[in-house]
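> need a structure here:
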Amino acid sequence: MAEPAHVPFAVRQQFEALGPLRPIRRGSLSERYMKCNKPGCACAEDPDARHGPYFSLTRTIHGRTQSRLVEAKQAEMVRDQVEAGQEFRAHIEAYWHVCEQWADDQLDAPAAASQEAAKKGASKRRLKRRSSARLTRS
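This is a model prediction of the structure:
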């Protein structure tokens, strides 16, 4: 796809701010400590004795919440991916904003040009009606 002749600086700047290619994730990572419900286990009585941490990656797909357990050794990597995804989303929103401003400017440009022409006293060309061949009489 060819790039438009004039891309505003703000649009180029936001596009470049999207950053390098990297793995990103939507959703959130939570840390949980759980009770096991085994008779005699200390986790039933003492909150500090609960089992864990267990890490859970949660996100919504097609309106449904899906969760996935993540190993403790992978939790930091997944947390970084989620944070990168949140940053990416913020950059995308900013990119949308400047692109929509650019599009609005394009919509307003013809209106501004016609207002300028009206100030200068220009008039629109009017079409002359021509009689059709059937209506002309000899």
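> for the protein, what's the longest strand?
Criterion DSSP state E: the longest strand present in the chain is strand 51-61.
> between the helix or strand following it and strand 51-61, how many degrees?
Sequence-wise, the next helix or strand downstream of strand 51-61 (DSSP states H and E) is strand 64-70. Using axes from the mean of the first three to the mean of the last three Cα atoms, to 10 degrees, the direction of strand 64-70 lies 140 degrees away from that of strand 51-61.
> tabulate the CA atom coordinates of strand 64-70 in PDB.
Output of strand 64-70 as PDB, limited to C-alpha atoms (Å, rounded to 0.1, in the frame of the first residue of the first chain):
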ATOM      1  CA  ARG A  64     -16.200 -15.400  27.700                       C
ATOM      2  CA  THR A  65     -13.600 -15.400  30.400                       C
ATOM      3  CA  GLN A  66     -10.800 -17.900  30.000                       C
ATOM      4  CA  SER A  67      -8.100 -18.600  32.600                       C
ATOM      5  CA  ARG A  68      -4.900 -20.600  32.200                       C
ATOM      6  CA  LEU A  69      -2.500 -21.600  35.000                       C
ATOM      7  CA  VAL A  70       1.100 -20.400  34.500                       C
END
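> which strands or helices does that strand pack on?
If contacts are counted by 3 or more Cβ pairs under 8 Å, 6 or more residues apart in numbering; DSSP states H and E, strand 64-70 sits against strand 51-61. C-beta here means a position set from N, CA and C on the backbone, and glycine is covered the same way.
> identify the residue spatially nearest to A44, adjacent ones excluded.
Once flanking residues are discounted, A44 sits nearest to K35: 5.8 Å by Cβ to Cβ, 6 or more residues apart in numbering.
> what's the burial count for the one you found?
Residues near K35, counting by other Cβ atoms under 10 Å, number 16.
> now the helices: where do they sit in this structure?
9-16, 72-119 (DSSP state H).
> what comes up buried for the shortest one?
Within helix 9-16, the residues that count as buried by 16 or more other Cβ atoms under 10 Å are 11, 14.
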